[in-house]
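Peer 1: I would like the atomic coordinates for the input below:
(2 chains)
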Amino acid sequence: DQQVKQNSPSLSVQEGRISILNCDYTNSMFDYFLWYKKYPAEGPTFLISISSIKDKNEDGRFTVFLNKSAKHLSLHIVPSQPGDSAVYFCAASVTRLMDSNYQLIWGAGTKLIIKP
Amino acid sequence: NAGVMQNPRHLVRRRGQEARLRCSPMKGHSHVYWYRQLPEEGLKFMVYLQKENIIDESGMPKERFSAEFPKEGPSILRIQQVVRGDSAAYFCASSPPWGNYEQYFGPGTRLTVT
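Peer 2: Model prediction:
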């Protein structure tokens, strides 16, 4: 059963415009969410994260929004740049302080293509 | 500060052979996670280890797969008697001793079973 879903396999956006990537989850126990970016033949790179006690987190061109009632989060990139072309993964975790186990549950990814 | 290292980057094995994948975490990191990615899918958690201890192996198949993280040296993911379905990218991630949601990933090992 897929606990984290990214329903858009790909997204094409004009350079300079806003890119919006979406992610839905089913497990209400998730309390931390992360976005990773991945280029071909490389490992995922951490981009931005948000705790469930917040509804927004911003870092430069990247903003993540969390809507807990809808179990939905989104990543906004503005303005989009050619170097943003990559696969973006949404991931979620449940705090397990007892063993510091922060295993991540991943969505299938969205391939973002920025058109010049 | 060197990042997470994985080797080999590419590994080709025939069915029935053994595959050994190595992961050296970032300096100062003592928590290691292994994930597997099948084509067109997200990463799937396999196992979480701390130095000399397997903490959670709930995502790892019970047969043929094993993992270790010795006191000295890299973490090893071992797959015995590989089958075609084991073909995937295997990623290792590390995090600091106090634990952290933000995991740092290696470049992955792409295993191909022929």
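
Peer 1: now do the residue nearest the centre of chain B against residue A:66, distance only.
Peer 2: With distances taken as Cα atoms, centre = their mean, chain B has residue B:34 as the residue nearest its mean C-alpha position (3.7 Å). Noted for residue B:34: a distance of 28 Å to residue A:66, by Cβ to Cβ, to the nearest Å. For glycine as for every other residue, the C-beta is placed from the backbone atoms N, C-alpha and C.

Peer 1: wait, the residue nearest to the centre of chain B touches residue B:92, no?
Peer 2: Yes - Residue B:34 is within contact range of residue B:92, at 5.6 Å (criterion: Cβ atoms under 8 Å).

Peer 1: thinking again about what came up before, show me the contacts for the residue nearest to the centre of chain B.
Peer 2: Taking Cβ atoms under 8 Å, 6 or more residues apart in numbering or on different chains, we find residue B:34 in contact with B:23, B:46, B:47, B:48, B:49, B:60, B:67, B:75, B:77, B:90, B:91, B:92.

Peer 1: phi, psi for it please.
Peer 2: Dihedral angles phi and psi of residue B:34 (degrees, to the nearest 10) take the values phi -120, psi 130.

Peer 1: before we move on, the earlier item: mutual contacts of residue B:34 and residue B:92, please.
Peer 2: In contact with both residue B:34 and residue B:92: B:23, B:75, B:77, using Cβ under 8 Å, 6+ apart.

Peer 1: out of those residues, flag the one nearest to residue B:107.
Peer 2: Set against residue B:107, the nearest of the shared contacts of residue B:34 and residue B:92 by Cβ to Cβ is residue B:23 (10.5 Å).

Peer 1: around chain A, pick out the residues from chain B.
Peer 2: Within chain B, the positions lying close to chain A (Cβ under 8 Å from any Cβ of the partner chain) are B:4, B:6, B:31, B:33, B:35, B:40-45, B:48, B:50, B:55-56, B:59, B:91, B:93, B:95, B:98-108.

Peer 1: among the residues you listed, the buried ones, what's the PyMOL command?
Peer 2: Here is the PyMOL selection string for the buried members of the residues of chain B next to chain A, based on 16 or more other Cβ atoms under 10 Å in any protein chain shown:
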select buried, chain B and resi 4+6+31+33+35+42+43+45+48+50+55+56+59+91+93+95+99+101+103+104+105+106+107+108
